[in-house]
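sequence and predicted structure are below.
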Amino acid sequence: MDSSELYHVKQQFFLGAYKSLVDLSLPDPSSPNYIPTLVYQARAHIALNDPGAVASLIPADSDNVALRAVSALSLYVSASDATKQEAALEELRDLAVEIEGADVVGTERDKLAVRAIAGTAFARAGEVEEALETLGAETEDLEAVAIIVQIYISINRPDRAKREFERAKRWAEDDLLLQLIESSIGLVAAKDGYSNANSFYTEQLGNPSLSSPHILTARGVTRILRNEIPEAMSDLKESLELQKSDAETLAAYVVAAGIESKKGEVEELWTRLTTEHPTHPLAVDVAQKADLFDAFCAKFVVPPLAVAAAA
Amino acid sequence: MSVMLTKFESKSNRVKGLAFHPTQPLLAAALHNGSIQLWNYRMGVLVDRFEEHEGPVRGVNFHLSRALLVTGGDDYKIKVWDIRPQNRRCLFTLHGHLDYVRTVQFHHEMPWIISTSDDQTIRIWNSTSRNCIAILTGHSHYVMSGFFHPKDDLVVSASMDQTVRVWDISGLRKGSPNNGGPGNFETFDTFSTVKYVLEGHDRGVNYAMFHPTLPLIISAADDRTIKIWRMSETKAWEVDSCRGHFNNVSTALFHPKHELIVSCGEDKTVRVWDLAKRTAIQTFRRENDRFWVLASHPNLNLFAAGHDSGLIVFKLERERPAFAVHQDTLYYIRDKYVRSYEFNTGADLGLLSVRKFGSAYVPPRTLSFNPAERAVLVTISSDNGLYELTTLPQQVQGEVKDSSVDGKKGAGQSAIFVARNRFAVLQKTTQIIEVRDLANSVVKAIKPPVQTNEIFYGGTASLILSSTSSVVLYDIQQQKTLAEINSPPVKYVVWSSDGSLVALMSKHTITIANRNFSQHSLIHETIRIKSGAWDDSGVFIYSTLNHVKYCLSQGDHGVICTLDNPVYLTRVKGKTVHCLDRSARPRTITFDPTEYRFKLALLKNNHEEMLYIIRTSTLLGQSIIAYLQQKGFPEIALHFVQDTNTRFELALECGNLDVAVETAKTIDRSECWDRLAQQALKQGNHKIVEKAYQQTKNFDKLSFLYLATGSTDKLSKMQKIADARGDPMSRFHNALYAGDIFGRISVMRDVGLYPLAYLTAKTNGLEELAVEILESAGLTEADVDDVPAFGLSTLKPPPIVNVTTDLNWPVVSIGQNFFDRALANGSLETGVEPSYVNGDATAGASSALDAWAKDEEIQDEVDPEEGGWELDADAGEYQGAEPVDEAGEDDVEEELPGSTPGVSETEHWVRNSPLAADHVAAGSFETAMQFLNRQLGIVNFVDLKPLFLSIYRSSHTYLTPVASLPPLQLHIRRNPAEGSLGRVLPVVVKSLGSMRIELSEGFRLVSQNKLAEAQAVFRAVLRALLLVPLSSDEEARQWRELVTTSREYLLGVCIELERRRVAEEQPDNVRRNLELAAYFTQCNMQPPQVQIALRSAVSVFSKANNQADAARFAKRLLELKPDAKIVAQARQRIAAGERNPRNAVEISYDEFTAFEICGASYTPIYKGSPAVRCPYTNQAYLPQFQGTLDPLVELTEIGAVASGLPAPW
């Protein structure tokens, strides 16, 4: 059972309240919560797209596997070229092997953290199979399940995701993370018009113990899916005010505005997204499609324009 | 008790006596004209009439257990009738009374009849011996009524002598009654004595009766009062009077079940009184008719009242119990207690008392259950409608809670839960629907769009509003009407368990609609519809007054079983119907669902299930055969018809010749063979034709058939037969058909036609034979030398090209179908019952299914080949391929290993839609372009790039639920409630609505004279319209309208821009300038813009001094009723034109001939001249522009062939 501090840390992490998590003061190094809190804080930095901060947070000579894993992840995320990325992945692969061994510096919880972090990195690298294997098919770590579920969803296997969720439901009771998993599945395998996700995010928005613009964005996205565009736009706008440069929120807002057909605004926002976050999948995807369009377009022979002979 | 519920009414002569049949829905009415009517009040039909009495009949009564009716009339006679339908007649007549007979009644257990008469006596008769066994004397005036006590040996009588008397007749039962014959009065008095004489009425008493259980008597008198009397063992006394009638009271009755009195009188009223308080509760008035008699049903809540011009049958309260079903529990109200009933266990619990809610006499009307809060919302019709919201206790211990403890009340005619924490209340008088929260405070007030009489749950956040002529599906949140169906007032609404179908029930119709009312079917019932419930398989089971019936969603319906008394269906599970009876007690009815299951299987093409039913059920009879035949499945009907005649008919109908032959053999009648021959001929099965002709000895046709099939040996046989039959004509025919010259000659010789025989021989080169004929005719060559010489005959049968004698034409392959095979190998005998709820073929199917599968094999093999389901085949084939897609998809998903990517949602979109817009949203630009090219002839896509990208961009959104993982790409659907991937479609980015808004922006720009901008807007609209996904014919029509409007505007704007260019660059070219101005006015725009065009034309033409034309435009301008200022200017122009009706410049513009304007050259194309068209906008162009890019929108190749938009809905 987690202590209430750690529970709160985890809650903040899972619900995307990364900013408040980063600002949290660390517990005493001797406390059993110290390492896990540190790990989550480091991961929050990475999630905020600030992997550099991890290096200052975690001592370089740390022996703990979880801390080493999170450092490796930060290296992977910040790596500028493929070799550095590969090196970070190798480090994580070694760690994944190491935790199988007997003399590991770290608790059971730390081992699980290693798996989760390694799984995250592999999934990022597109190594789906490796990620799934690292996380373990029969894992009883809900965090691993959450990652597995998201991986399955990303490869269009909601059936697998559901199976994973059903399995987790048997032992995880009504954990917050489980609800999050359920709502993630609900985002793809639409049932009852995305009501699962919608009510989960609405409920969490009302959660007095934390405030997370990420949840607001998530609800905005859910509302887009529910075709409640004006409501979605208001959520996203609010979220955007809280975190001006959040790519995800911005991207979702562009989409919503596009459906609402607010022409001028859309183009302006779109330009902002493509310049500020050129690597966001939406920007990348649309750019690809634009090239595709040109290729296909060229296949059609355009006849000369009909022009009236000069009278 | 706000209204008296009239169930039946009849018009007739004055009704003086009434009696209910104790078990059947029959009512006997004794009429003043001497006739006795027997009504079936439930069906509303007159069953019979008895007309043997002379003069008015007043007394009438049914025997409690035997089919007997007794009547007494003003002819002093008492008649006993047999009322069994087959032998309705008067059994016997009892003579004895010396004056009018007033009332008659059978004893409840003895074979006695009691009668009262104006001869001041009461008589008791033995109906077995048909003797009078007692005469009760004592009354000193007409005896108006006399009845047995329901249990004791007592009689109560009422008389014009102002008394009510109670008689003790116990002696009658003990002692053997007299046999002394009539007239011997003294002997009777010994065993029938007056027990009490009740005095109190100060006018004659018309009616008196015992209370069914209590020691009470009620009497009704001409002193306008109703008196209640109580008896003890030793005495009887008056308890109280009910005053209120303002004329003679004819009858007063105790309510058989409740503590109520019902009375009627000559003041034209029926009144209801509280027995305990003796206060009037309700009065029902009739305009012109005095009431003479009242009768109550012994068991049911049913009364009948007879008046001057007929009778009415009525109820005092609704019997329909208030109930709601949630999952496996029924919540209902009985005797003012909310109870729960578990369908599975039968556990029946009282949960809550609602005794203090509303009027004590009125049962609650409706109940709505909220499972989340475990709350009930009860309505009652008393006090102009009330509702009460109460939570049910979690556990019931000891005393049940009364709703008044914490119930929240309010006024309203109809109240239902619409959400977990909201309920809606209808205020009928003000026509407002209040949405309230659980604290009973109003959160929203809605004005319904129609006059609403009742509201029902309409799905999430929706209501169903019932008005007098329609039913409306209404969205509470958006406050708008989603759909409306015409229907008589809907009284009850039942949703199927999955919420996909709803039954809207009115008095005589049921409308079955889907969730959004977009599809519906109507069923008419002549008998009143009472209730209904959904079967798990989507069959609606409903009850009428006397039947339980089923109806399938497409409207077929039929009877399941008959009912003695109405029931209220609550739940259907398998073969069991759960229902509440009229006293709100849960009951179950077991029925045989075979028939509708079979029909359902037929509808769903579930052959496996059908076969199972055919195999296992014995029910299938004529009706199902007729049904199958009517629905176009004669071949299936054939499988369970035993009757040979029917089998023959069916076999012919479905072209199954084998069966037809077989049955024809059994029937063996010539018309059968004839018809078989016809059918076989159609199919080219000449062997059967031959057989049929042989059977009917139709030699001519047979011969011709052999000729047709080229069967020469058969023809020679036919010759022999003809010979044997002695039919030379037939022989000749056959010889002719067979090309047998010798045969022909011999026929002619045989019949003595020597000249013909001779010539035949001669022309066929048979000289010797010819000579022989001559000889046998006794002639020589010389005798026939005047016969001209003929050439050789070429007459011979046509040569045989293909030998068909032994072949049948391979026309229709009847083959063995699924049923033939399955029934033939009998493999289903031990088959497991297929799950019939779902039409899908299940795993673990029997061998019959395998047989079925064989037929499908070829198709199955194709499926995997289709792999990616590339839709670049033809759009037209799309729909056919759909089901295959779905079937295949499941397989694929099962086989995939864990980490293999599945089918992306975008692929589903691509599969699910043949519309370019949806393919763009899915990112499948190539197929989208191909669609646009094929459907609308688009070739130039460059300008569509921003549109494609923005639609694609707006159809997907991203979210990262778990930190640092790559964001999930989520796909936005336009049908977020859709559960099946086979039907999901992308969000609508460009809608018709948004296009309209953009278009009106264009109109505005035209009006503001910003033509270049307007041109851009119209072009943009026309481009965007390409990518508007459509979903119905109506939308397609609107789409076409928008395209046409935009095109006309665009054309107009282009013409005007061209005119301005001409005016600027070629100022000398006045003619062209004028022409263009004129054409601009011809564009089909809206009045404000046409006005602008016309005004511009007027000014340009008058500047060019074409006054006549300018005046014409001005006239057209006036027709559009512009502003006063413009009118004045126009008038001036017209005046100028009249002064100077000349044109300075000759132009090519003939407004009197219909023309279109070429979109490239801006010159007219008059009607009838050739034109080529833009495949998208349908804009006309001169033929010389064929094959070029259209200059208006720059999208299509002019004159290209396009298929038009598909209609996938």
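It's in. Treat the numbers as computed from the prediction; the structure is a model and nothing was measured.

and for the nearest residue in space to residue B:988 that is not next to it in sequence, the neighbour number?
The shortest distance from residue B:988 to any non-neighbouring residue, by C-beta to C-beta, 6 or more residues apart in numbering or on different chains, is to residue B:974 (4.9 Å). C-beta here means a position set from N, CA and C on the backbone, and glycine is covered the same way. If you count neighbours by other C-beta atoms under 10 Å in any protein chain shown, residue B:974 ends up with 20.

which residues does residue B:974 contact?
Contacts for residue B:974 (C-beta atoms under 8 Å, 6 or more residues apart in numbering or on different chains) come out as A:227, B:985, B:986, B:987, B:988, B:1029.

want to throw those residues into CSV with pLDDT, distance to residue B:469 and secondary structure?
Shown next, in CSV, are the contacts of residue B:974 (pLDDT from 0 to 100; distance: C-beta to C-beta, whole Å; DSSP: H, G, I helix; E, B strand; the rest coil):
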residue, pLDDT, distance to residue B:469, secondary structure
A:227, 86, 33, coil
B:985, 85, 35, coil
B:986, 87, 39, strand
B:987, 85, 37, coil
B:988, 84, 33, coil
B:1029, 87, 34, coil
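
after the helix or strand bottoming out on mean pLDDT in chain A, next one along is what?
Least confident helix or strand of chain A, by mean pLDDT, DSSP states H and E, is helix A:195-205 with a mean of 81. The element immediately downstream of helix A:195-205 (helix or strand, assigned by DSSP states H and E) is helix A:213-225.

what's the angle between that next one and helix A:195-205?
Per axes from the mean of the first three to the mean of the last three C-alpha atoms, to 10 degrees, the angle that helix A:213-225 makes with helix A:195-205 is 150 degrees.

can you get me a residue count around residue B:609?
By other C-beta under 10 Å, 24 other residues sit near residue B:609.

how about residue B:62?
25.

contacts only, for it.
Counting by C-beta under 8 Å, 6+ apart, residue B:62 has contacts B:19, B:20, B:21, B:22, B:26, B:28, B:68, B:69, B:83, B:106.

ok, the last one to chain A distance?
Just to be clear, that refers to residue B:106. In this view, residue B:106 and chain A are 64 Å apart by C-beta to the nearest C-beta, to the nearest Å.

also residue B:321?
32 Å.

and if you look at residue B:141?
For residue B:141 relative to chain A (C-beta to the nearest C-beta), the value is 78 Å.

residue B:914 against residue B:931, yeah?
Yes - assessed by C-beta atoms under 8 Å, residue B:914 is found in contact with residue B:931 at 6.9 Å.

the more surrounded of the two?
Ranked by neighbour count (other C-beta under 10 Å), residue B:914 and residue B:931 place residue B:931 first, with 27 against 22.

the more buried one is in what secondary structure piece?
Here residue B:931 sits within helix B:925-936, counting by DSSP H and E.

do that helix and chain A meet?
Yes - using C-beta under 8 Å from any C-beta of the partner chain, helix B:925-936 reaches chain A at B:925, B:926, B:929, B:933.

go through stretch B:365-372 and flag the buried ones.
Under the neighbour-count criterion of 16 or more other C-beta atoms under 10 Å in any protein chain shown, stretch B:365-372 has B:365, B:366, B:367, B:368, B:369, B:370 buried.

equivalent analysis for stretch B:1050-1062, please.
Buried, per 16+ other C-beta under 10 Å, within stretch B:1050-1062: B:1050, B:1051, B:1052, B:1053, B:1054, B:1055, B:1056, B:1057, B:1058, B:1059, B:1062.

before we move on, the earlier item: and the pLDDT for the residue nearest to residue B:988?
Per-residue confidence (pLDDT) for residue B:974: 83.

might you list the low-confidence residue ranges for the chain?
Picking chain A for this. Scanning chain A with the threshold set as pLDDT under 70 gives A:1-2, A:173-174, A:190-192, A:262-263, A:309-311.

the intended chain is chain B.
Counting by pLDDT under 70, the ranges of chain B that qualify are B:1-3, B:174-192, B:396-398, B:611, B:614-626, B:629-642, B:808-899, B:1209.

pick out the residue nearest the middle of it.
residue B:522 (2.0 Å; C-alpha atoms, centre = their mean).

so which residues on the stretch 1-150 of chain A come close to chain B?
A:13-14, A:16, A:18, A:43-44, A:46-47, A:73, A:77, A:120, A:123-124, A:128-129, A:132, A:137, A:146-147, A:150.

in ChimeraX, select just the buried ones from these.
Only the buried entries of those go into this ChimeraX selection, using 16+ other C-beta under 10 Å:
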select /A:13,14,16,18,43,44,46,47,73,77,120,123,124,128,132,146,147,150
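
the residues of the stretch 1-150 of chain A next to chain B in helices, which ones?
By the criterion of DSSP state H, membership of those in helices covers A:13-14, A:18, A:43-44, A:46-47, A:73, A:77, A:120, A:123-124, A:128-129, A:132, A:146-147, A:150.

who are the contact partners of residue B:320?
Residues near residue B:320 by C-beta under 8 Å, 6+ apart: B:530, B:531, B:568.

in a helix, residue B:733, correct?
Yes - with DSSP: H, G, I helix; E, B strand; the rest coil as the criterion, residue B:733 is assigned to a helix.

show me what contacts residue 300?
Looking at chain A here, since you left the chain open. B:929, B:933, B:939, B:940, B:941.

actually it's chain B I care about, not the one you picked
Taking C-beta under 8 Å, 6+ apart, we find residue B:300 in contact with B:565, B:582.

residue A:44 touches residue A:18, doesn't it?
Yes - contact criterion C-beta under 8 Å: residue A:44 and residue A:18 qualify, at 4.0 Å.

which helices and strands sit right next to the strand or helix carrying residue B:434?
Assigned by DSSP H and E, residue B:434 belongs to strand B:432-437. Applying 3 or more C-beta pairs under 8 Å, 6 or more residues apart in numbering or on different chains; DSSP states H and E, one finds that strand B:432-437 contacts strand B:422-427, strand B:442-446.

tell me which of the ones you listed lies nearest to chain A.
The closest of those to chain A is strand B:422-427. By C-beta to the nearest C-beta, the value is 15.6 Å.

grab the longest helix from chain B for me.
Longest helix of chain B, by residue count under DSSP H: helix B:1033-1065.

is that one positioned near chain A?
No - counting by C-beta under 8 Å from any C-beta, chain A has no neighbours in helix B:1033-1065; the shortest distance is 9.1 Å.

now the element after that helix, going C-ward?
helix B:1070-1082.

by how many degrees do that next one and helix B:1033-1065 diverge?
Using the same axes, to 10 degrees, helix B:1070-1082 lies at 160 degrees relative to helix B:1033-1065.

can you list contacts of helix B:1070-1082?
A:311, B:1052, B:1055-1056, B:1058-1059, B:1062-1063, B:1066, B:1090, B:1093-1094, B:1096-1097, B:1100-1101, B:1104, B:1106, B:1109, B:1113, B:1116, B:1145-1149, B:1151, B:1155, B:1157, B:1162-1164.

residue B:1129 belongs to a helix?
Yes - counting by three-state DSSP, residue B:1129 is part of a helix.

would JSON lines of the contacts of residue B:320 with neighbour count, secondary structure and distance to residue B:1001 be doable?
Shown next, in JSON lines, are the contacts of residue B:320 (neighbours: other C-beta atoms under 10 Å in any protein chain shown; DSSP: H, G, I helix; E, B strand; the rest coil; distance: C-beta to C-beta, whole Å):
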{"residue": "B:530", "neighbour count": "25", "secondary structure": "strand", "distance to residue B:1001": "57"}
{"residue": "B:531", "neighbour count": "23", "secondary structure": "strand", "distance to residue B:1001": "55"}
{"residue": "B:568", "neighbour count": "23", "secondary structure": "strand", "distance to residue B:1001": "58"}
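
all set now, cheers.
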